[in-house]
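Trainee: After the sequence you'll find the predicted model.
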Amino acid sequence: MPFLDANGVSLHYEVAGSRGPVVVLLHELGGTLHSWDAVAPRLAARYRVLRYDQRGAGLSEKVRQEFTNDMLVEDFAALAKGCHLDPPYHFVTVAAAATQALRFLEKHSDHVGALVLCNPAPGVDASRAAALDERAAFAMREGMRASLPTTLAISYPPPYPPPQAGEGREGAGERAAYEAYLGRYLANDPVCFGFAFRALARTNMLHMLPQIRCPAMVVAGRHDTVRPHAGSAELAKRIPKARFELIEAGHFLPTQAPAPLVALLEDFLPQ
């Protein structure tokens, strides 16, 4: 997995697959390109797949200047250009990353082929900005572990029941996936994590939903308590001709339910 200087920051990325349309996988706030480990290799059999650690996340450069949603969009545009990946781009996003795909669509509507929004958070009302700012400040001040009760413990609780002797492979696999995700989450730089929360707090792309003209699909997790699926279904109704799908998962679909998500993507995305 190489690195590229794009828009003034070093980004860690992977391009897989040698043919087909370009699919861009945008990870969630607090995630990394490894959020897509169980999805990207399977899509690469049909598509050119780009995934990367966003500014301040994973192995990408840890910055000390606040950034905006527009800067994250510009990071993507510079990275795609540097990787010689031509549009149209077919975006698959998780949670807050929907704001980036929608902003890119607003700026370059002719460069977007399709949108898949998983448990989308397309914007934050100004009345909620203060709460997100406080969450950001707490993580920056106290660190990632201290912030777990108000972040990951809500969005990705550990699998239950606790491990049992002779446990089946499925339960053990869920636990292993959770432990890996937890480790990556705790490895986040709390300053950049806070910057990302603050950027989200100042972003609202809800106005773009009725303006989407490309094929769009909203996928929700039946057990998502952060963004209940009824709300995602209502968002889908605001997008002209959008497809809505509900799968057995929580908030982080690529990690918690990669197989059904891949099946939906292969059925929805152009060949």
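Mentor: Received, thanks. Residues are numbered from 1 along each chain as shown.

Trainee: who's in contact with stretch 148-162?
Mentor: 30, 135, 138-139, 171, 174-175, 178, 181-182, 185-186, 225-226, 250-252, 255-256 (C-beta atoms under 8 Å, 6 or more residues apart in numbering). All C-beta spots, glycine's among them, are computed from the backbone N, C-alpha and C.

Trainee: make it 6 Å
Mentor: Contacts to stretch 148-162, defined as C-beta atoms under 6 Å, 6 or more residues apart in numbering, come from residues E174, R175, Y178, Y185, V226, H251, F252.

Trainee: Would you map the strands across the protein?
Mentor: Per DSSP state E, the chain carries strands over the ranges 3-6, 9-16, 22-26, 48-52, 89-94, 112-118, 216-221, 243-247.

Trainee: where does the stretch 151-271 of the chain dip in pLDDT?
Mentor: 160-171 (pLDDT under 70).

Trainee: Swap in 90 and give it another go.
Mentor: 157-175, 271 (pLDDT under 90).

Trainee: hmm, back to that, could I get the strands of the chain as JSON lines with mean neighbour count?
Mentor: As requested, the strands of the chain are exported to JSON lines (neighbours: other C-beta atoms under 10 Å):
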{"stretch": "strand 3-6", "mean neighbour count": "16"}
{"stretch": "strand 9-16", "mean neighbour count": "20"}
{"stretch": "strand 22-26", "mean neighbour count": "24"}
{"stretch": "strand 48-52", "mean neighbour count": "25"}
{"stretch": "strand 89-94", "mean neighbour count": "26"}
{"stretch": "strand 112-118", "mean neighbour count": "25"}
{"stretch": "strand 216-221", "mean neighbour count": "25"}
{"stretch": "strand 243-247", "mean neighbour count": "17"}
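
Trainee: Minimum distance to F195: which of those strands has it?
Mentor: Using C-beta to C-beta as the measure, strand 9-16 is the one of these that comes nearest F195, at 12.1 Å.

Trainee: Give the other helices and strands that that closest one contacts.
Mentor: In terms of contacts (3 or more C-beta pairs under 6 Å, 6 or more residues apart in numbering; DSSP states H and E), strand 9-16 is packed against strand 3-6, strand 48-52.

Trainee: Alright, I will stop here.
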